[in-house]
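Enquirer: heads up, no residue letters with this:
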């Protein structure tokens with residue numbers, strides 16, 4: 001499964017379609033940090049997990065990373081006016097339901113069963129109708145973001161397979177490229193085991209759901225395989241990068257991403273980075289990891305707590321269930337059984 005050849009984004013003078021750089025991969029893969037650093041570069045705008053705009057932003061009133069509630073944030077308020085005539089004209093509950101219907105949330109089937117219908121929606125006419133309605137909604141949203149941001153490359157960190165597959169269906173209007181961000185499965189499993197308070201006002205579910213090692217390993221495997229399938233079947237431009245590589249040398253990693261996607265990065269553009277120290281502006285990420293709410297100086301370090309905190313038995317389970325891809329992605333030596 002080699003990296004697909006990624007054509008560079010066209011220059012501003014030559015481009016015909018708005019540009020989207022979408023991050024694919026599992027949850028807890030470092031996408032919030034990566035998108036925030038990308039969003040510091042001239043010509044890019046990071047929007048976070050934009051598919052959560054409808055419920056987290058408009059229904060629950062979660063803050064934008066600038067600190068203002070999404071509905072009253074100057075950036076997102078202008079996006080709402082530009083795209084829809086104001087957020088009061090958007091049925092956020094309907095939009096949330098459409099998004100969740102694409103992952104078959106209220107059906108007897110789990111998320112992976114949705115992917116064939118996203119690739120071939122004609123197999124299920126009612127699913128196709130929901131998909132097209134949601135794609136029209138998201139297309140309007142991306143168009144408004146493009147206009148309000150002044151034509152910057154949109155960095156979308158939504159990640160989940162149904163979203164990245166849905167997004168591939170918009171390529172006639174948008175120039176879409178994918179960054180497949182991969183984190184060691186043991187690190188993801190350790191993050192999935194933590195008790196984390198949700199962002200928002202869901203008093204009946206104040207904490208994020210936890211996953212055991214088996215569920216975490218299975219989810220890690222199919223999320224990452226789905227990115228490989230999308231690149232192969234839909235022939236979407238996709239480049240791969242390990243989370244550990246990114247945090248090891250953020251400036252070098254940003255240059256690699258720039259080279260792969262044709263984003264010009266000068267020395268002055270990386271002035272916010274000094275080694276592993278970054279000085280971040282607030283930005284306008286609509287959802288994601290809590291670090292999106294932090295601005296100012298931060299120290300970028302790899303979260304390798306799994307080596308200490310994940311029980312040895314859980315480490316063995318996750319390693320055994322994920323070792324083919326762990327080895328393929330460079331997290332295990334080639335001789336590992």
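Expert: Good, I have the coordinates. Bear in mind that the values here come from a model prediction, so they are computed numbers and not experimental data.
Enquirer: tell me the mean pLDDT for stretch 275-288?
Expert: Over the span of stretch 275-288, the pLDDT mean works out to 94.
Enquirer: centre of the chain versus it, how much separation?
Expert: Taking CA atoms, centre = their mean, to the nearest Å, the mean C-alpha location of stretch 275-288 is offset from the chain mean by 15 Å.
Enquirer: How about that stretch, which residues are buried there?
Expert: The neighbour-count check on stretch 275-288 (16 or more other CB atoms under 10 Å) flags 278, 280, 282, 283, 284, 285, 286, 287, 288 as buried. Where C-beta positions appear, they are placed from N, C-alpha and C, glycine not excepted.
Enquirer: can you check stretch 15-35 too?
Expert: Across stretch 15-35, burial judged by 16+ other CB under 10 Å covers 18-35.
Enquirer: can you give me the helices for this protein?
Expert: 31-39, 74-84, 92-102, 115-119, 125-148, 161-168, 185-192, 213-233, 243-248, 250-261, 306-309, 312-328 (DSSP state H).
Enquirer: how deep is residue 79 tucked in, by neighbour count?
Expert: Residues lying near residue 79 (other CB atoms under 10 Å) number 27.
Enquirer: Was I right to think it contacts residue 142?
Expert: No. The criterion here is CB atoms under 8 Å, and residue 79 misses it with residue 142 at 9.8 Å.
Enquirer: could you point out where the stretch 151-300 of the chain is predicted with low confidence?
Expert: The model of the stretch 151-300 of the chain has pLDDT under 70 over residues 195-209.
Enquirer: before we move on, back to that, quick one: which of the helices of the chain is nearest residue 294?
Expert: Among those, the nearest to residue 294 by CB to CB is helix 31-39 (9.0 Å).
Enquirer: just checking, what packs against that closest one?
Expert: Here helix 31-39 is seen to pack against strand 19-24, strand 44-48, strand 153-159, strand 175-182, helix 243-248, helix 250-261, strand 277-280 when contacts are counted using 3 or more CB pairs under 8 Å, 6 or more residues apart in numbering; DSSP states H and E.
Enquirer: Just send those back as CSV, with distance to residue 210 too.
Expert: Converted to CSV, the helices and strands packed on helix 31-39 look like this (distance: least, CB to CB, whole Å):
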stretch, distance to residue 210
strand 19-24, 23
strand 44-48, 23
strand 153-159, 19
strand 175-182, 22
helix 243-248, 21
helix 250-261, 30
strand 277-280, 29
